[in-house]
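In: sequence plus predicted model, see below.
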Amino acid sequence: TGSTRPQRILRAVQKNSTRGSPCSVVNAIDDYCKHKEWAMNVGDEKGIIVDDVVLELKPITVLELGTYCAYSTVRIANLLPPEAKLITLEFNAESAAIAREIITWAGLEEKIQLIIGASGDWIPRLKEEFGIETFDLVFLDHWKDRYLPDTKLLEKCGLLKPGAVLLADNVICPGTPDYLDYVRNSPRYKSKFYRSHLEYTQEEDGLEHSVFLGMAGRGAE
Ligand SMILES: O=C(NC/C=C/[C@H]1OC[C@H](O)[C@@H]1O)c1cc([N+](=O)[O-])cc(O)c1O
Ligand SMILES: [Mg+2]
C-alpha cells in the first residue's frame with residue numbers, strides 16, 4: 001500500500017528542513033505543496049496574515065481547530081511569547097500522528113498540546129482538563145460546517161473573553177456561509193475580512209477576523 005499525503009509531507013519536512021527550526025519546517029511544507037502536491041495547509045499567502053494577527057495580538061492561550069499536518073500549528077506557535085500555550089484539536093488519528101512528528105521535529109512540543117478527537121466533544125472539557133480560563137485567539141480551520149456550532153459552544157462554555165479573536169480560514173473557499181453570517185451580524189462580534197487566495201492557487205479565499213465583544217449583546221437568544 002502506498003504512502004498517504006501526510007506521510008509524504010512529513011518525509012519532505014525531514015528531508016528539506018532543519019530539526020528545531022520552525023521557519024524551515026514551514027518553508028519545506030510550502031515548497032512541497034507548491035511544487036509537488038497540493039495540501040490543505042493555510043499556506044504562505046494567508047500565512048502572512050495569520051502571522052500579523054498573532055504578532056499584533058500576542059496571545060497567551062491559543063486554540064486551533066483542525067491540525068491536519070501541523071503547518072499552521074508550527075507557524076503560530078513559533079510566534080508566541082515564551083509562556084504561551086497552543087492547544088490543537090484534530091479528529092483524524094492518522095494526520096494527528098504525522099502532526100505530532102512534525103511538531104516534535106520543529107522542537108515546539110513544549111508549547112503545543114495536540115488532542116485527537118471531535119471538537120464538539122472536547123471544547124466543553126478544556127477548562128476542567130487543561131485548566132484553561134479563556135482563549136485569546138481561536139484559529140478555525142477544521143470542517144467548515146463545524147465553525148458555527150463550535151463558536152456557539154465556545155461562547156456557551158465561557159471560553160471567550162471580550163477582546164478574544166476568532167480567525168477563520170476558508171471563509172470563501174470551500175466557504176463557511178452560516179458562520180460568516182453569524183459573526184458579521186451578531187452584536188457579540190466586530191468582524192472584518194482579509195481577502196487572499198486559496199493556498200497555493202489563484203482561487204479567491206480569505207480569512208475572517210472577528211473580535212468577541214462579550215455576551216451582553218444578547219439580542220435574540
Ligand atoms: O476541509 C478543509 N479543512 C478541514 C479539515 C478537516 C480535518 O478533519 C479531518 C482531516 O484530517 C482534517 O484535518 C479544507 C479544505 C480546503 N479545500 O480547498 O478543499 C482548503 C482548506 O484550507 C481547508 O482547511
Ligand atoms: Mg484551511
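Out: Everything's here; your move. Ligands and ions are numbered 1, 2, ... in the order given.

In: can you list contacts of the worst-scoring helix or strand of the chain on mean pLDDT?
Out: Lowest by mean pLDDT, DSSP states H and E among the helices and strands of the chain is helix 126-130, with a mean of 95. Residues external to helix 126-130 that are found in contact with it (CB atoms under 8 Å, 6 or more residues apart in numbering): 63, 87, 113, 132, 133, 157, 158, 159. C-beta coordinates here come from the backbone N, C-alpha and C atoms, glycine included.

In: tell me which of those fall in strands.
Out: The strands in this structure, assigned by DSSP state E, contain 63, 87, 113 from those.

In: let me know how buried the last one is, in neighbour terms.
Out: As a burial measure, residue 113 scores 16 neighbours (other CB atoms under 10 Å).

In: show me what counts as buried in the least confident helix or strand of the chain.
Out: Using 16 or more other CB atoms under 10 Å as the test for burial, helix 126-130 gives residue 126.

In: that one: how far from the chain's middle?
Out: Mean-position distance between helix 126-130 and its chain equals 19 Å (CA atoms, centre = their mean, to the nearest Å).

In: so which bits of the helix or strand following it are buried?
Out: Following helix 126-130 in sequence order, the next helix or strand is strand 135-140 (DSSP states H and E). Going by neighbour count (16+ other CB under 10 Å), the buried part of strand 135-140 is 135, 136, 137, 138, 139, 140.

In: not counting residues beside it along the chain, what's closest to residue 166?
Out: Spatial nearest neighbour of residue 166, excluding adjacent residues (CB to CB, 6 or more residues apart in numbering): residue 210 at 4.4 Å.

In: picking that back up, reformat the contacts of helix 126-130 as TSV; add pLDDT.
Out: Below are the contacts of helix 126-130 laid out as TSV (pLDDT from 0 to 100):
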residue	pLDDT
63	98
87	98
113	98
132	94
133	97
157	98
158	97
159	98
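
In: residues from the chain in reach of ligand 2?
Out: Counting by CB under 5 Å from the ion, the chain comes close to ligand 2 at 141, 169, 170.

In: surely the second one is in contact with residue 139?
Out: Yes. The pair residue 169 and residue 139 passes the contact test of CB atoms under 8 Å, sitting 7.3 Å apart.

In: residues of stretch 202-214 that come out buried?
Out: 205, 206, 207, 208, 209, 210, 211, 212, 213.

In: show me the contacts for the second one.
Out: Which is residue 206. Neighbours of residue 206 in contact, by CB under 8 Å, 6+ apart: 46, 171, 172, 193, 194, 195, 196.

In: for ligand 1, see how far away it is.
Out: 11 Å (CB to the nearest ligand atom, to the nearest Å).

In: ok, now the last one?
Out: Using CB to the nearest ligand atom, we find residue 213 at a distance of 26 Å from ligand 1.

In: residue 171 and residue 183, how far apart?
Out: 9 Å (CB to CB, to the nearest Å).

In: please disregard the earlier target; I meant residue 71.
Out: The spacing between residue 71 and residue 183, counted by CB to CB, is 24 Å.

In: and if you look at residue 95?
Out: To residue 183, residue 95 is 27 Å away according to CB to CB.

In: next one, pLDDT for residue 216 please.
Out: With respect to pLDDT, residue 216 has a value of 77.

In: before we move on, the earlier item: let's see if you can find the most crowded of the residues of the chain next to ligand 2.
Out: residue 169 (31 neighbours).
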